[in-house]
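J.: Attaching a predicted model along with its sequence, questions to come.
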Amino acid sequence: MQSVTRVYMDGQPVSLPEGVRSLSGIRAFLTGEALRRKRMLCGLSLDGWPVDTSTTMAPGLSARVIASRTMRFNELPVHLIQLAREQTFNLRRRLEQTGLRMAINSAGPARQLWWDMVPELHELVVTLSLVSRVQGGGEESPSARALGVMLGRMEEELAQPHEGVEISELVEDELRRWIEAVELELSPVHEPSTQQ
């Protein structure tokens, strides 16, 4: 296993305690260090490649440079709004790629491609709900309600004997309208000031 040579937090070098060498240990240390600074860990990269800060580090994974980013707790609303916009953009891009693959497949694989996209929809709804909560709205996101309705319609439609191209058209139509509703929901959201 290659040894870690440099660890950074917000661009500044960080000294690791004795014995902390595994990536899991380093991430745990960085999380604690961020909290000691009254901040939270919001980004981590290994040799320049971003990694999900919430998933388990694979055993044997190594890096020569670990860079971490933190944010103040009052920056969370801005972070969530940016995350929701990024998830929406990624979902739109995935729809463009997946729609074509659905169209050239038979019904079974086309249905599977749709089902594989549903977790991304759920992630975006969770983010939108958190945006609503941290901004004090407390109400359910309109997009969350709309997603429930759309999933019900898609379930009924996919139970019909459609061909792959028909499934592609259904998914593209339903999902494009939902994405547009999400973008509309996010458009009036003004990112609050993060000044202390």
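T.: Looks like it came in fine. Just so it is clear, the structure is predicted and the values come from calculations on it, not from any experiment.

J.: you'd agree residue 44 is up against residue 67?
T.: Yes - the pair formed by residue 44 and residue 67 meets the contact definition of CB atoms under 8 Å, at 7.4 Å. C-beta: built from backbone N, CA, C; applies to glycine.

J.: next SSE after the host helix or strand of residue 110?
T.: Under DSSP states H and E, the secondary-structure element containing residue 110 is helix 107-134. Along the chain past helix 107-134, the next helix or strand (assigned with DSSP H and E) turns out to be helix 142-158.

J.: Which strands or helices does that next one pack on?
T.: Using 3 or more CB pairs under 8 Å, 6 or more residues apart in numbering; DSSP states H and E as the contact criterion, the secondary-structure elements in contact with helix 142-158 are helix 107-134, helix 164-186.

J.: want to throw those helices into a markdown table with distance to residue 96, mean neighbour count and mean pLDDT?
T.: Compiled in a markdown table, the helices and strands packed on helix 142-158 are given as follows (distance: least, CB to CB, whole Å; neighbours: other CB atoms under 10 Å; pLDDT from 0 to 100):
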| stretch | distance to residue 96 | mean neighbour count | mean pLDDT |
| --- | --- | --- | --- |
| helix 107-134 | 12 | 17 | 86 |
| helix 164-186 | 9 | 17 | 89 |
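
J.: of all the ones you listed, which lies closest to residue 38?
T.: helix 107-134 (17.6 Å; CB to CB).

J.: Just the element for the residue positioned nearest the centre of the chain, please.
T.: Centroid check for the chain by CA atoms, centre = their mean gives residue 87 as the closest residue, at 5.6 Å. Remark: residue 87 resides in helix 76-103, with elements defined by DSSP H and E.

J.: Measure how that helix sits relative to helix 164-186, angle-wise.
T.: Between helix 76-103 and helix 164-186, the angle comes out at 170 degrees (axes from the mean of the first three to the mean of the last three CA atoms, to 10 degrees).

J.: and helix 76-103, which residues are buried?
T.: Buried residues in helix 76-103, counting neighbours by 16 or more other CB atoms under 10 Å, are found at 76-81, 83-85, 87-88, 91, 95, 98-99, 102-103.

J.: so what secondary structure elements neighbour that helix?
T.: Applying 3+ CB pairs under 8 Å, 6+ apart, we find helix 76-103 packed against helix 107-134, helix 164-186.

J.: Could you dump those into CSV and include distance to residue 7?
T.: As requested, those are exported to CSV (distance: least, CB to CB, whole Å):
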stretch, distance to residue 7
helix 107-134, 29
helix 164-186, 35
